[in-house]
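A.B. asks: sharing a model prediction with you, sequence too.
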Protein chains: 2
Amino acid sequence: MKEQSIPKATVKRLPLYYRYLRILNNAGKTKVSSTELSEAIQVDSATIRRDFSYFGELGKRGYGYDVEDLIHFFGKILNDDQLTNVALVGVGNLGSALLKFKFHQSNSIRVSCAFDVKEDIVGRIVDGIPVYPLDNMVEQIKLQQIEIAILTLPAPQAQTVVDQLVDAGIKGILNFTAARLTAPSDVIIQSVDLTNELQTLIYFLHHNPDKEAK
Amino acid sequence: MKEQSIPKATVKRLPLYYRYLRILNNAGKTKVSSTELSEAIQVDSATIRRDFSYFGELGKRGYGYDVEDLIHFFGKILNDDQLTNVALVGVGNLGSALLKFKFHQSNSIRVSCAFDVKEDIVGRIVDGIPVYPLDNMVEQIKLQQIEIAILTLPAPQAQTVVDQLVDAGIKGILNFTAARLTAPSDVIIQSVDLTNELQTLIYFLHHNPDKEAK
């Protein structure tokens, strides 16, 4: 398996493939062609074949792909065969929504604890998830051996919290704040900037009317 | 201005540049070098210079960039000089959070109406934004001449709503559902899939421990 050189764009499509393959499997389908996959997930079939080629010989030309084999394969790659516990820092509007959010494709991702400073929610269980005081964050994350954190706190506090998260052993951060964060090179920071997404969309609307932004 | 060929990755960085330049301007700074920009927004300075080069001669080598000039330029490109009204479809957990969300970098993006089917919120004003019944969506969007919609409704209903949005004149869709949507080629669909983001992060955590996922 030559996984070292897989482009990020390919990795981003793996969850899509995986989700759709599970839908096919639930529907009793055993084989799928890249054309069928292409129509269902709106990715052109040449891209699908190239993506799959990064993972070696996944199917035979003309025979299509074996659905169960692919599910097993992508499930393993995406670590969907084991539970990943995730911490959430900042139970404001967006944070609360994410506590309720069903990470729909996956039974293997679970927000197992949240942290905040607001006295009215700290020490309570919100939507099934315990909310601890921010002061206990490092301790809880170490105790629960959590490696991934979701940041939904105000931007000005974000870097301080990131420094603490790194000390606590966090290796991946999904950053919903507008802050540009720094962390050691072995910590991955992935940012989801909602204003940025909208501004990019507006840009394409005015500048590339015939181009898809996918 | 040769804007035709600007890569999506560059466009995605424009809001970052713009936001940081406004911070500099508020702090009274009039000049900025690509190195300073680089340190502040965590993008390497060669990338910044290449990004800027798509927009022609924005600064003189060795003199740095004029902050006000850049703000004016990027503001215009990002349409930040005029208000963009946006519709939101689906006032559930995530939808409600986005109604409260301050699109922080920008005074020029405003959710001006929301749509839902739930009787307890339809016809009410939620966080300052009127929530109309889904049945009135096409009419309201035409009336308000809205071109951008945010989708935060359940995935199974998403495609039906997209078809109606397209009929109503929507040209850009920010899709938070897990559905893979189809629309005519002049309609841009940009998807933010939160499960996908987490799964990608988990992938990189296990496969590329030394690489940044930005």
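C.D. replies: Okay, I see it.

A.B. asks: mind listing the helices for chain A?
C.D. replies: In chain A, the segments counted as helices under DSSP state H are A:8-26, A:34-41, A:45-53, A:67-77, A:93-100, A:137-143, A:155-168, A:194-207.

A.B. asks: may I see the ones you listed arranged in CSV, with mean neighbour count, distance to B:Glu119 and mean pLDDT as well?
C.D. replies: From N, CA and C alone the C-beta is placed, and that goes for glycine too. Below are the helices of chain A laid out as CSV (neighbours: other Cβ atoms under 10 Å in any protein chain shown; distance: least, Cβ to Cβ, whole Å; pLDDT from 0 to 100):
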stretch, mean neighbour count, distance to B:Glu119, mean pLDDT
helix A:8-26, 19, 32, 88
helix A:34-41, 17, 35, 87
helix A:45-53, 16, 43, 88
helix A:67-77, 17, 40, 89
helix A:93-100, 22, 20, 92
helix A:137-143, 17, 40, 97
helix A:155-168, 17, 37, 96
helix A:194-207, 21, 28, 88
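
A.B. asks: walk me through the domains of chain A.
C.D. replies: Following automatic domain parsing, chain A resolves into domains at A:3-77, A:84-196.

A.B. asks: can you list the ones you listed in a markdown table and add distance to B:Thr160?
C.D. replies: As requested, the domains of chain A are arranged in a markdown table below (distance: least, Cβ to Cβ, whole Å):
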| stretch | distance to B:Thr160 |
| --- | --- |
| domain A:3-77 | 17 |
| domain A:84-196 | 18 |
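
A.B. asks: redo the ones you listed as a markdown table? Include distance to chain B.
C.D. replies: Output for the domains of chain A, formatted as a markdown table (distance: least, Cβ to the nearest Cβ, whole Å):
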| stretch | distance to chain B |
| --- | --- |
| domain A:3-77 | 4 |
| domain A:84-196 | 4 |
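
A.B. asks: for A:Asp172, which residues are in contact?
C.D. replies: One thing to correct before we go on: residue A:172 is Gly, not Asp. For A:Gly172, the contacting residues are A:147-149, A:187-190, B:201-202, B:204-205, B:213, by Cβ atoms under 8 Å, 6 or more residues apart in numbering or on different chains.

A.B. asks: one more time with 7 Å
C.D. replies: For A:Gly172, the contact set (Cβ atoms under 7 Å, 6 or more residues apart in numbering or on different chains) comprises A:147-148, A:188, B:201, B:205.

A.B. asks: of those, closest to B:Arg19?
C.D. replies: B:Arg19 has its nearest neighbour among the contacts of A:Gly172 in A:Ile188, at 22.5 Å by Cβ to Cβ.

A.B. asks: show me what the closest one bridges to in the sheet.
C.D. replies: Beta-bridge pairing of A:Ile188 under DSSP bridges involves A:Gly172.

A.B. asks: would you agree it is in contact with B:Ile202?
C.D. replies: No: look at A:Ile188 against B:Ile202 with Cβ atoms under 7 Å: they stay out of range, at 9.8 Å.

A.B. asks: state the distance from A:Ala155 to A:Gln190.
C.D. replies: Distance of A:Ala155 to A:Gln190, given as Cβ to Cβ, to the nearest Å: 16 Å.

A.B. asks: circling back to that earlier point, ok, which of the domains of chain A comes nearest B:Ala97?
C.D. replies: Nearest of the domains of chain A to B:Ala97, taken as Cβ to Cβ: domain A:84-196 at 3.7 Å.

A.B. asks: how far away from the center of its chain is the closest one?
C.D. replies: 13 Å (Cα atoms, centre = their mean, to the nearest Å).

A.B. asks: first to last residue in that domain, what's the distance?
C.D. replies: Domain A:84-196 has an end-to-end distance of 28 Å (criterion: Cα to Cα, to the nearest Å).
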